[in-house]
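> Sequence first, predicted model second:
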Amino acid sequence: QSVWGYDSDNGPERWHENYPMAKGDKQSPIEINSKDVQHDPSLATWHASYDPGAAKTILNNGRTCRVVFDDTFDRSVLRGGPLTGAYRLRQLHLHWGSSDDHGSEHVIDGVKYAAELHMVHWNPKHGNFAGALKQPDGVAVVGIFLKVGKTPKPEMKRILEEIDNIKTKGKEAPFQHFDPSILFPKSRDYWTYHGSFTTPPCEECITWILLREPIEVSSDQMAKLRSLSKNSENEPLNPLVDNWRPPQPVKGRIVKASFK
Ligand SMILES: NS(=O)(=O)c1ccc(C(=O)NCc2ccccc2F)cc1
Ligand SMILES: [Zn+2]
């Protein structure tokens, strides 16, 4: 019974065998084509008010690099945009490729970015995270695209500096005094649509807020991310790369844009 992953024997094409939601009508990620997007002038701007003290640890779970935050009260919240109420920041993580020309989960007008960063928030009106993922308005994920360029964003440095301490699966390190809003690009422009977790159990509980403006990282920074391993210590080396799900059927869903 192989646990799900991104390899040929346990990858996205087989997730539905253990997680039937993977074949649902509102799956993520999707390909976004600007010609099909509807500008919605009623969409509000979104606002994040994060407490740097809420950051706790950074870990390698063998599938991604994840920063975990204290979400036991309304300490770091996202509001506005397409959302009603304040959603609590729980964790952020990334998806990336084996080379700079691919790695993002969402694809924009045919463009695959080198990586995609997800900031995961949940709606406290549903009591806890497990309850929220059973609700269509339970979870909100801000997606930020990472593009390889010459003027890398210094803010990514903090996360990448920790990589050496969490090289193998199961490794965790303290990660404190970190305000993830420093990772946001200048523009607040976003696309939004209703979808799912891009990993099992693929619950369709996510309001996606995808930022139009990518942030820049260097090729060396991407190489650093690719130096993470899927394997535990003392196991054969298995590089943690290509941990992205390909685009799923849009099935008539409308993607809205906050911008013209
Ligand atoms: N890539 S993404 O769409 O942003 C995404 C966000 C969160 C999760 C998550 O919390 N998984 C753990 C989990 C899932 C279901 C139930 C309990 C869990 F802990 C997975 C994928
Ligand atoms: Zn993700």
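It's in. Ligands and ions are numbered 1, 2, ... in the order given.

> Hmm, Ala173 is touching Asn60, no?
No. Ala173 is not in contact with Asn60 according to Cβ atoms under 8 Å; the separation is 9.3 Å. All C-beta atoms are positioned from the backbone trio N, CA, C, and that covers glycine.

> Settle it for me: which of these two has more neighbours?
Ranked by neighbour count (other Cβ atoms under 10 Å), Ala173 and Asn60 place Asn60 first, with 24 against 13.

> Run through the residues of the stretch 1-150 of the chain sitting next to ligand 1.
Within the stretch 1-150 of the chain, the positions lying close to ligand 1 (Cβ under 6 Å from any ligand atom) are 118, 120, 133, 141.

> can I get these in TSV with pLDDT, secondary structure and neighbour count?
Shown next, in TSV, are those (pLDDT from 0 to 100; DSSP: H, G, I helix; E, B strand; the rest coil; neighbours: other Cβ atoms under 10 Å):
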residue	pLDDT	secondary structure	neighbour count
His118	99	strand	21
Val120	99	strand	22
Leu133	96	coil	18
Val141	99	strand	22
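
> Quick check: buried residues in stretch 150-165?
152-153, 156, 158-160, 162-163 (16 or more other Cβ atoms under 10 Å).

> Out of those, show me where the pLDDT dips lowest.
When those are compared by pLDDT, Lys153 scores lowest at 83.

> that older thread, Tyr19: which of the residues of the stretch 1-150 of the chain next to ligand 1 is nearest?
Leu133 (12.5 Å; Cβ to Cβ).

> quick one: the helices in the stretch 151-260 of the chain?
Ranges of helices within the stretch 151-260 of the chain are 156-162, 219-225, based on DSSP state H, counting those that start in this stretch.
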